[in-house]
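In: return a 3D structure for these sequence lines:
(one chain, ligands or ions: 1)
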Amino acid sequence: MSDTGLFITVEGCEGVGKSTNISYLESLLSNQGVDVMVTREPGGTALGEDIRNTLLAVRGQRVNPLAELLLIFAARAQHLSEVVEPALASGRWVLCDRFTDATYAYQGGGRGLNTEVIAQLETMVQGERRPDRTILLDVDVSVGLTRARGRGELDRIEQETVHFFERVRETYRERAACEPERFSVIDAGQPLEQVQEVLMQLVQQLLAQSAAGTAL
Ligand code: TMP
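Out: Residues are numbered from 1 along each chain as shown. Model (predicted):
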């Protein structure tokens, strides 16, 4: 059994069902005796949640994309040092609702920021920390947006155009294709029971790999 916990991130566009599936994963892991904590980005700390509120607030004022990027990494620095690293070091598994793949997808793909700049901040803030496994819930953008928009008022990022989210989705899919050993891409357009069946198999795989202490 490896002596540090696994860092698992869950990604996807708006309305892919992250919350439902993260709760499901948490209960699957807990039932298997895994000490798991759920957290999110941006957020997960008092400072991070303040930054999240600032980022998502609708103010009728354009937010400079670089300012947005820096705020996200500021929240991430706090989250890593205060929550994620201590939890992993104590052997807990961390299930994180979004992480840096979201930055490549939203700020890189969506906003068009230079990927090199994101990569530099990633190294500065995270050192060598990367997710052990990333679950990408993938669904047609129009399906996801219809679900998200049915939930009520839209935050600043949810108000973006379909084209913005097409670029976000495309970037996620490209990243998954480049790192197939880290990413598990799940078709989130299929019925929930089928998504959960796939998650069940994935949990078995993660437990086996963790028990063997092998790299994921
Ligand atoms: P959500 O957690 O409810 O999906 O909301 C978080 C929003 O923040 C979502 O629209 C994606 C966005 N976001 C980024 O743009 N970049 C990031 O790096 C992260 C973590 C989130």
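
In: mind listing what the nearest residue to residue 129 once chain neighbours are set aside touches?
Out: Once flanking residues are discounted, residue 129 sits nearest to residue 80: 6.5 Å by Cβ to Cβ, 6 or more residues apart in numbering. To be clear about C-beta, it is placed using only N, CA and C from the backbone, and glycine gets the same treatment. Residue 80 makes contact with 125, 126, 129 under the criterion Cβ atoms under 8 Å, 6 or more residues apart in numbering.

In: which SS class is residue 80?
Out: Secondary structure, DSSP: H, G, I helix; E, B strand; the rest coil: residue 80 is helix.

In: any residues of the protein in contact with the ligand? List them.
Out: 40, 41, 42, 72, 97, 98, 102, 103, 106, 107, 157 (Cβ under 6 Å from any ligand atom).

In: distance to residue 187 and secondary structure added to these, as TSV?
Out: Shown next, in TSV, are the residues of the chain next to the ligand (distance: Cβ to Cβ, whole Å; DSSP: H, G, I helix; E, B strand; the rest coil):
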residue	distance to residue 187	secondary structure
40	23	strand
41	24	coil
42	27	coil
72	28	helix
97	19	strand
98	19	coil
102	19	helix
103	24	helix
106	21	helix
107	26	helix
157	24	coil
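
In: starting at the chain centroid, how far to the lengthiest helix in the chain?
Out: If you go by DSSP state H, the chain has its longest helix at helix 192-212. Mean-position distance between helix 192-212 and its chain equals 18 Å (Cα atoms, centre = their mean, to the nearest Å).

In: residue 87 sits in which helix or strand?
Out: Using DSSP states H and E, residue 87 maps to helix 85-89.

In: for residue 186, same thing?
Out: Counting by DSSP H and E, residue 186 is part of strand 183-187.

In: show me where this protein has helices.
Out: 18-31, 46-56, 65-79, 85-89, 100-102, 115-126, 141-149, 162-178, 192-212.

In: residues of the third one that come out buried?
Out: Within helix 65-79, the residues that qualify as buried by neighbour count (16 or more other Cβ atoms under 10 Å) are 68, 69, 71, 72, 73, 74, 75, 76, 77, 78, 79.

In: what angle do the longest helix of the chain and strand 183-187 make?
Out: Going by axes from the mean of the first three to the mean of the last three Cα atoms, to 10 degrees, helix 192-212 is angled at 160 degrees with respect to strand 183-187.

In: which residues does helix 192-212 contact?
Out: Helix 192-212 is contacted from outside by 1-2, 6, 8, 17, 20-21, 24-25, 28-29, 32, 34, 133, 135, 137, 184, 186-188, 216, using Cβ under 8 Å, 6+ apart.

In: same question, stretch 44-52
Out: When contacts are defined by Cβ under 8 Å, 6+ apart, stretch 44-52 is touched by residues 41-43, 71-72, 74-76, 78-79, 82-84, 96.

In: pLDDT added to the residues you listed, as CSV?
Out: Shown next, in CSV, are the contacts of stretch 44-52 (pLDDT from 0 to 100):
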residue, pLDDT
41, 98
42, 98
43, 98
71, 98
72, 98
74, 98
75, 98
76, 98
78, 98
79, 98
82, 98
83, 98
84, 98
96, 98
